[in-house]
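# got a structure for you, letters missing:
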Ligand SMILES: NC(=O)c1ccc[n+]([C@@H]2O[C@H](COP(=O)([O-])OP(=O)(O)OC[C@H]3O[C@@H](n4cnc5c(N)ncnc54)[C@H](O)[C@@H]3O)[C@@H](O)[C@H]2O)c1
Ligand SMILES: N[C@@H](CCO)C(=O)O
Ligand code: NA
């Protein structure tokens with residue numbers, strides 16, 4: 001390797017030394033020569049801000065004197081600040097201070113970007129620095145840079161993502177073992193996938209933040225976490241998973257970002273939602289197993305693309321962070337900048353009721369003449385067109401019951417909700433056993 005000792009130096013400050021931060025620090029130190037050769041400058045780790053600087057960290061091969069509890073002072077003297085503390089504050093304040101003092105920022109903080117990304121972008125533009133965040137969506141998988149750069153000449157029309165590893169692990173295990181939700185979450189915790197408090201994952205908050213970031217990038221508009229329709233996986237039952245199997249589908253927690261157009265074909269809004277959905281086993285996303293992530297993108301000219309890999313874990317996530325560090329370091333040396341915020345389209349986020357998809361509905365009904373006609377009328381009354389109906393007779397005689405499984409054509413979510421309410425009110429319907437959206441067609 002060519003000597004790198006004489007190269008110029010860029011000062012890197014690391015904020016946070018947890019799962020991601022410790023892997024980033026390790027890579028910065030152990031790969032120092034290669035990184036220097038790739039950047040054209042040595043990346044000098046000048047400090048690591050943590051809550052408890054005195055704690056021993058034998059796994060992190062750095063000089064213990066680098067640890068400090070004073071993040072505010074540290075960021076003022078850096079060229080590049082890597083923020084892997086997480087959460088909104090104080091991470092936001094440190095990033096803004098860093099930018100004010102001329103540092104480019106690399107962050108993995110999806111929560112902050114999805115809550116207040118425009119403030120960070122504005123500060124980066126004001127101070128002429130970079131804001132990079134590949135690790136914030138789907139960990140190691142390159143998806144932010146493809147959306148911001150590779151696909152920016154095309155028109156993205158839809159993004160379907162499995163962007164949370166914990167929930168994918170749980171749903172995959174429910175599918176392969178037939179087990180219920182609670183016992184599968186316990187297994188995920190035992191294996192270290194799910195946190196002790198798995199709320200952010202299983203209730204879809206983590207996926208919703210990633211969906212907001214993806215939608216903003218895909219459609220050149222601002223979408224925040226609060227704009228995302230969010231349903232988690234806590235209500236998914238073993239029966240739902242079996243019902244999906246019966247129609248050769250699998251249940252996934254999907255992040256779905258779609259462009260809506262008016263009658264003239266002009267983009268008129270976006271829908272952004274996170275919820276469990278059935279997806280046909282022939283769809284590429286159905287093959288995403290265990291805790292893996294994948295993002296399926298449909299673009300006008302490129303057609304369909306899928307990005308697949310590890311969405312979490314210290315080392316995989318640090319790969320994305322280091323890629324960003326090299327990119328912003330190169331810009332500093334060459335005197336250029338990466339992309340700024342692109343929100344010119346300024347599209348409204350349309351309410352969930354306007355989102356259109358297909359639905360799987362399972363009903364317990366009486367087995368007598370006219371039942372099917374009544375059920376079909378409830379769908380027709382709400383302009384929801386039925387694609388398939390399957391009936392299974394349960395029991396015999398006057399009191400025999402039937403299970404009806406109906407799959408619809410595409411319909412607005414509000415129409416489906418009204419149909420389900422009408423079905424529940426029919427005297428021939430014992431119960432709307434379950435309903436779930438069907439995606440990917
Ligand atoms: N863990 C993953 O797999 C993963 C994947 C993608 C993105 N991320 C994101 O990376 C970020 C970090 O995640 P993590 O899993 O490493 O978290 P973590 O909890 O393991 O680490 C957080 C670190 O920040 C430190 N910290 C907290 N508050 C601080 C403060 N006020 N000042 C200084 N240090 C402080 C903690 O001491 C700890 O060292 C989060 O934004 C997370 O969403 C994590
Ligand atoms: N908790 C997340 C990883 C960090 O985004 C997951 O399970 O995918
Ligand atoms: Na990524």
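It's in. Here the structure is a predicted model, which is why all the values come from computation and not from measurement. Ligands and ions are numbered 1, 2, ... in the order given.

# what does the stretch 251-400 of the chain have sitting close to ligand 3?
residue 320 (C-beta under 5 Å from the ion). Where you see a C-beta, it was placed from the backbone N, CA and C, and this is true even at glycine.

# what about 8 Å?
Residues of the stretch 251-400 of the chain found near ligand 3, taking C-beta under 8 Å from the ion as the criterion, are 311, 320.

# Closest approach to ligand 1 from the stretch 251-400 of the chain, which residue is it?
Nearest residue of the stretch 251-400 of the chain to ligand 1, counting by C-beta to the nearest ligand atom: residue 312, 3.4 Å away.

# Could you verify my assumption that residue 178 touches residue 239?
No: if you go by C-beta atoms under 8 Å, residue 178 and residue 239 don't touch, sitting 10.3 Å apart.

# check contacts around residue 25.
By C-beta atoms under 8 Å, 6 or more residues apart in numbering, the contact set of residue 25 is 14, 17, 45, 48, 60-62.

# burial count for whichever residue of the stretch 1-150 of the chain sits closest to ligand 1?
Per C-beta to the nearest ligand atom, residue 18 is where the stretch 1-150 of the chain lies closest to ligand 1, at 1.8 Å. Per other C-beta atoms under 10 Å, the neighbour tally for residue 18 reads 13.

# Now do the contacts for it.
84, 86.

# any chance of the contacts of residue 25 in a markdown table, plus neighbour count, pLDDT and distance to ligand 2?
Supplementary listing: these in a markdown table, determined by neighbours: other C-beta atoms under 10 Å; pLDDT from 0 to 100; distance: C-beta to the nearest ligand atom, whole Å:
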| residue | neighbour count | pLDDT | distance to ligand 2 |
| --- | --- | --- | --- |
| 14 | 32 | 98 | 18 |
| 17 | 26 | 97 | 17 |
| 45 | 19 | 98 | 24 |
| 48 | 28 | 98 | 21 |
| 60 | 18 | 96 | 20 |
| 61 | 12 | 96 | 24 |
| 62 | 18 | 97 | 24 |
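
# Mind putting these into CSV with distance to residue 173 and secondary structure?
Below are these laid out as CSV (distance: C-beta to C-beta, whole Å; DSSP: H, G, I helix; E, B strand; the rest coil):
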residue, distance to residue 173, secondary structure
14, 35, strand
17, 32, coil
45, 39, strand
48, 36, strand
60, 33, coil
61, 36, coil
62, 38, coil
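
# Can you tell me which of those lies closest to residue 97?
The shortest approach to residue 97 among the contacts of residue 25 belongs to residue 14, at 15.1 Å (C-beta to C-beta).

# What spatial separation is found between the closest one and residue 392?
Residue 14 sits 59 Å away from residue 392, going by C-beta to C-beta, to the nearest Å.

# Please apply the same query to residue 199.
Residue 199 is 37 Å from residue 392, by C-beta to C-beta.

# Quick one: the helices in the protein, in order.
Per DSSP state H, the chain carries helices over the ranges 19-30, 32-39, 71-76, 91-100, 110-127, 144-145, 165-177, 181-190, 199-202, 205-219, 238-246, 314-334, 371-381, 413-424.

# could you check whether the fourth one is close to ligand 1?
No: figure legend: helix 91-100 not in contact with ligand 1 (C-beta under 6 Å from any ligand atom); closest approach 7.3 Å.

# and the angle for that helix with helix 110-127?
20 degrees (axes from the mean of the first three to the mean of the last three C-alpha atoms, to 10 degrees).

# in helix 91-100, what's buried?
By neighbour count on 16 or more other C-beta atoms under 10 Å, the buried set for helix 91-100 is 91-92, 94-99.

# I'd like those as JSON lines, with pLDDT and distance to residue 32 appended.
What follows is the buried residues of helix 91-100, written out as JSON lines (pLDDT from 0 to 100; distance: C-beta to C-beta, whole Å):
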{"residue": "91", "pLDDT": "98", "distance to residue 32": "26"}
{"residue": "92", "pLDDT": "98", "distance to residue 32": "30"}
{"residue": "94", "pLDDT": "98", "distance to residue 32": "24"}
{"residue": "95", "pLDDT": "99", "distance to residue 32": "25"}
{"residue": "96", "pLDDT": "99", "distance to residue 32": "29"}
{"residue": "97", "pLDDT": "99", "distance to residue 32": "26"}
{"residue": "98", "pLDDT": "99", "distance to residue 32": "22"}
{"residue": "99", "pLDDT": "98", "distance to residue 32": "25"}
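
# still on that earlier bit, of the helices of the chain, flag the one that's most buried.
Among those, helix 205-219 has the highest mean neighbour count (mean count of other C-beta atoms under 10 Å), at a mean of 27.

# just the angle between that helix and helix 165-177, please?
Going by the same axes, to 10 degrees, helix 205-219 makes 110 degrees with helix 165-177.
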